[in-house]
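**Q** dropping a prediction and its sequence here:
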Amino acid sequence: MLTRKLYLVRHAEPERTDTLLGRADVALSTGGKMQASAALRELRGEIIYSSPLRRAIETAKRIPLLVPVEILPELAEITYGKWDGKPWSEIEAKDGELARRKLQDWYAVTPPGGEEWSAFSIRVTRALEVILNGPFPAIVVVHAGVNSEIAWQMAGVERARFSQNYCQVLEYEL
């Protein structure tokens, strides 16, 4: 029986690490490009799925495989609306009370113009349904928020406890 493996990769270090990126479409840093090339050189799969955001696509393209990179729009990171691309200090200065509530319950509080977690979860579920149809092994190059939702759905990993470093690979056997 063939093993069905799913590799969840968080994109490499982006140009801006001092902000709440969300849907801000930033490139990888020079260090992030080197990090991805080194960390992902041994990764093997039949297909690579990527978020449409630049930091994920640039990471996916550093995996040295001659397999397709399929962009799934549903794999984009959650949007924080008016907070996308802003430093947390600026968010606290402009929306102090809402920022405080967000820190107390990250998944229940939606920033102005942002995406509710329930809608985000439905969107990621649609992408996961596509991915689970194969082929395998499948490599998914996305963001911490997306991977926290997938890890919760796949293995029951509590979202609030989920942690993944830049370019870290998590492996799931289906």
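**A** Alright, I've got the coordinates.

**Q** could you point out the longest helix in the chain?
**A** helix 117-131 (DSSP state H).

**Q** helices or strands up against the helix or strand following that one?
**A** Sequence-wise, the next helix or strand beyond helix 117-131 is strand 138-142, with elements assigned using DSSP states H and E. Applying 3 or more CB pairs under 8 Å, 6 or more residues apart in numbering; DSSP states H and E, we find strand 138-142 packed against strand 5-10, strand 47-50, helix 54-60, helix 144-155. All C-beta spots, glycine's among them, are computed from the backbone N, C-alpha and C.

**Q** ok, the residue nearest the centre of the chain to Gly134 distance?
**A** In the chain, the centroid-proximal residue (CA atoms, centre = their mean) is His143; its distance is 1.3 Å. Applying CB to CB, to the nearest Å, the value for His143 to Gly134 is 23 Å.

**Q** which residues of this protein score low on pLDDT?
**A** Filtered on pLDDT under 70, the chain yields the residue ranges 1-2.

**Q** coming back round to it: could you dump the helices and strands packed on strand 138-142 into CSV and include distance to Trp106 and mean neighbour count?
**A** Formatted as CSV, the helices and strands packed on strand 138-142 follow (distance: least, CB to CB, whole Å; neighbours: other CB atoms under 10 Å):
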stretch, distance to Trp106, mean neighbour count
strand 5-10, 17, 22
strand 47-50, 24, 23
helix 54-60, 21, 24
helix 144-155, 10, 20
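
**Q** quick one: closest of the ones you listed to Asp84.
**A** Nearest to Asp84 among the helices and strands packed on strand 138-142 is helix 144-155 (12.1 Å), distances taken as CB to CB.

**Q** who's Lys5 bridged to?
**A** For Lys5, the beta-bridge partners under DSSP bridges are Glu173.

**Q** residue contacts, it?
**A** Lys5 makes contact with Gly45, Phe136, Pro137, Ala138, Glu171, Tyr172, Glu173, Leu174, according to CB atoms under 8 Å, 6 or more residues apart in numbering.

**Q** neighbour-wise, which one of these leads?
**A** Neighbour tally across the contacts of Lys5 (other CB atoms under 10 Å): the maximum, 24 neighbours, falls on Ala138.

**Q** just list whatever residues bridge to it.
**A** The partner list for Ala138 in beta bridges (DSSP bridges) reads Leu6, Ile47.

**Q** pretty sure it contacts Leu43?
**A** No. Taking contacts as CB atoms under 8 Å, Ala138 lies outside contact range of Leu43: 11.2 Å.

**Q** residues shared between the contacts of those two?
**A** Common neighbours of Ala138 and Leu43 (CB under 8 Å, 6+ apart) are Tyr7.
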